[in-house]
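Trainee: I would like to see how this sequence folds:
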Amino acid sequence: MGYQRCIRVENFKERTVQFIDEAKIWVKSGNGGNGCLSFRREAHVPQGGPDGGNGGRGGHIIFKATKNVNTLIDFRFKKHFKAQNGEPGKGKNRFGKNGEDLILIVPAGTQILSESGNIIADLDHDGQEVTLLDGGRGGAGNASFKSSKNQTPRMVKPGEPGEDLNIILQLKIISDIGIIGFPNAGKSTLLSTLSRAHPKIADYPFTTLRPELGVVYVDEYEFVMADIPGLIEGASEGVGLGHKFLKHIERCKALLHLIDISSEDLYQSYNIIRAELKNYSETLSTKKEIIALNKTDLVSDEEAKELCKKLSKKTKKEVFLVSAATRSNITEIKRELYKLIADE
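Mentor: Now for the predicted structure:
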């Protein structure tokens, strides 16, 4: 299958493949080939028997997951996918060729849903395959109906039609750690500091409008982190594209809850995000979590330690101090994050 790539060019320098995490498409498996009506016709064989072959099977619709793709962009413009039909049978007892299966490549983490929203398949690891629709069976040629009582059958069986289905593809990115927090908490800056990722960074809310992935290396280990676009109050009800953001957290093994240390009320900031996680899914609220106060370079060391102590007391959880801008405590936070997933 060929892939369409949608490229956005900015200033003729930066080229970015668009991130698409949902698509609605129509798929159809191939029809089976018809059986053939034929009799042997050769010189010196005056009463040749039936020799019509069977039709070939129609192609299956198969989905295969790969870690080498991280967007559903290939399904944005092309919406209809059809497998090849089986060939009809031929004389001389020749069977029709089976139709080629249509293998659709999707990112690991893609769910296939029915129009009503029920999960049909969950492709959550690299190389996983699922046959969504079977091709129609090939029909029988008249040679299949030959018997002692009927030596010249003129009966054939048509091939069975393929199946068709409207489905929704929904991508939930797979990562070890998800960075969550309010817009402008410094998530993108921290990800670029912890890893080699290069997310868009700017001093205004909602800089990140799609999840960004980065590989973090610490000591002899590595793990994958995702910068989840900033959540706001009401995200669990869809405010601010909340559902589009929250669904990506479901795949994360653990969370890094990042809070801007200059926020007016650190505990309230923490509780708002926690409430949105719980309202969206009880599973999200039970994920292992590290709390980190970012932008500690904006306050004195004494003030940072005091704020950290107060938040830790209120949340009854350990709180870490970090500064993505000055790289303060970067190695330490990497090690703490790895500890969260080491036993997974």
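
Trainee: what are the phi and psi angles of K305?
Mentor: Backbone geometry at K305, expressed as degrees, to the nearest 10, gives phi -60, psi -40.

Trainee: Test for you: state the pLDDT assigned to it.
Mentor: At K305, the predicted lDDT confidence score is 95.

Trainee: One more: H198?
Mentor: The confidence metric pLDDT takes the value 53 at H198.

Trainee: Strands of the stretch 101-250 of the chain, residue ranges please.
Mentor: With strands called from DSSP state E, counting those that start in this stretch, the stretch 101-250 of the chain shows them at 102-107, 110-114, 119-123, 129-133, 164-171, 177-180, 212-218, 221-227.

Trainee: of all the ones you listed, which lies closest to T296?
Mentor: Each of the strands of the stretch 101-250 of the chain was checked against T296 via Cβ to Cβ, and the shortest separation belongs to strand 177-180, namely 16.5 Å. Any C-beta I mention is one placed from the backbone N, CA and C, and that applies to glycine too.

Trainee: who does that closest one touch, helix- and strand-wise?
Mentor: Contact here means 3 or more Cβ pairs under 8 Å, 6 or more residues apart in numbering; DSSP states H and E; on that basis strand 177-180 packs against helix 187-194, strand 221-227, strand 254-260, helix 330-341.

Trainee: mind saving the C-alpha coords of that strand as PDB?
Mentor: Taking Å, rounded to 0.1, in the frame of the first residue of the first chain, the C-alpha atoms of strand 177-180 are listed here in PDB:
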ATOM      1  CA  ILE A 177       5.800   8.400  31.200                       C
ATOM      2  CA  GLY A 178       3.200  11.100  30.400                       C
ATOM      3  CA  ILE A 179       3.900  14.700  31.400                       C
ATOM      4  CA  ILE A 180       0.700  16.400  32.500                       C
END
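
Trainee: Give me the contacts around that strand.
Mentor: With Cβ atoms under 8 Å, 6 or more residues apart in numbering as the test, strand 177-180 has contacts from 187, 190-191, 216, 223-228, 231, 248-249, 252-258, 273, 277, 337, 340-341.

Trainee: Next: stretch 103-112.
Mentor: Contact with stretch 103-112 is made by 1, 3, 27, 61-67, 69-72, 74, 81, 119-126, 128, 130, 132, 167-174, 251, as judged by Cβ under 8 Å, 6+ apart.

Trainee: Turn the strands of the stretch 101-250 of the chain into a markdown table, including distance to K314 and mean neighbour count.
Mentor: Listed next are the strands of the stretch 101-250 of the chain as a markdown table, based on distance: least, Cβ to Cβ, whole Å; neighbours: other Cβ atoms under 10 Å:
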| stretch | distance to K314 | mean neighbour count |
| --- | --- | --- |
| strand 102-107 | 39 | 19 |
| strand 110-114 | 37 | 19 |
| strand 119-123 | 38 | 16 |
| strand 129-133 | 46 | 16 |
| strand 164-171 | 36 | 18 |
| strand 177-180 | 18 | 27 |
| strand 212-218 | 29 | 18 |
| strand 221-227 | 26 | 21 |
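
Trainee: Just send those back as JSON lines, with distance to L307 and mean pLDDT too.
Mentor: Output for the strands of the stretch 101-250 of the chain, formatted as JSON lines (distance: least, Cβ to Cβ, whole Å; pLDDT from 0 to 100):
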{"stretch": "strand 102-107", "distance to L307": "39", "mean pLDDT": "96"}
{"stretch": "strand 110-114", "distance to L307": "40", "mean pLDDT": "96"}
{"stretch": "strand 119-123", "distance to L307": "41", "mean pLDDT": "95"}
{"stretch": "strand 129-133", "distance to L307": "49", "mean pLDDT": "98"}
{"stretch": "strand 164-171", "distance to L307": "37", "mean pLDDT": "95"}
{"stretch": "strand 177-180", "distance to L307": "19", "mean pLDDT": "90"}
{"stretch": "strand 212-218", "distance to L307": "26", "mean pLDDT": "86"}
{"stretch": "strand 221-227", "distance to L307": "24", "mean pLDDT": "88"}
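
Trainee: out of the ones you listed, nearest to D265?
Mentor: Shortest separation from D265 across the strands of the stretch 101-250 of the chain is recorded for strand 177-180, at 17.7 Å, computed as Cβ to Cβ.

Trainee: Direction included, what does that closest one pair up with?
Mentor: In the sheet containing strand 177-180, its partner strands are strand 221-227 (parallel), strand 254-260 (parallel), by DSSP bridges.

Trainee: Give me the distance from the last one to the chain's centre.
Mentor: This means strand 254-260. Taking the mean of its C-alpha atoms, strand 254-260 sits 23 Å from the chain's own mean (Cα atoms, centre = their mean, to the nearest Å).

Trainee: quick check: angle from that strand to helix 187-194?
Mentor: With axes from the mean of the first three to the mean of the last three Cα atoms, to 10 degrees as the basis, strand 254-260 and helix 187-194 are set at 120 degrees to each other.

Trainee: just the first one next, same as before
Mentor: Angle between the axes of strand 221-227 and helix 187-194 is 160 degrees (criterion: the same axes, to 10 degrees).
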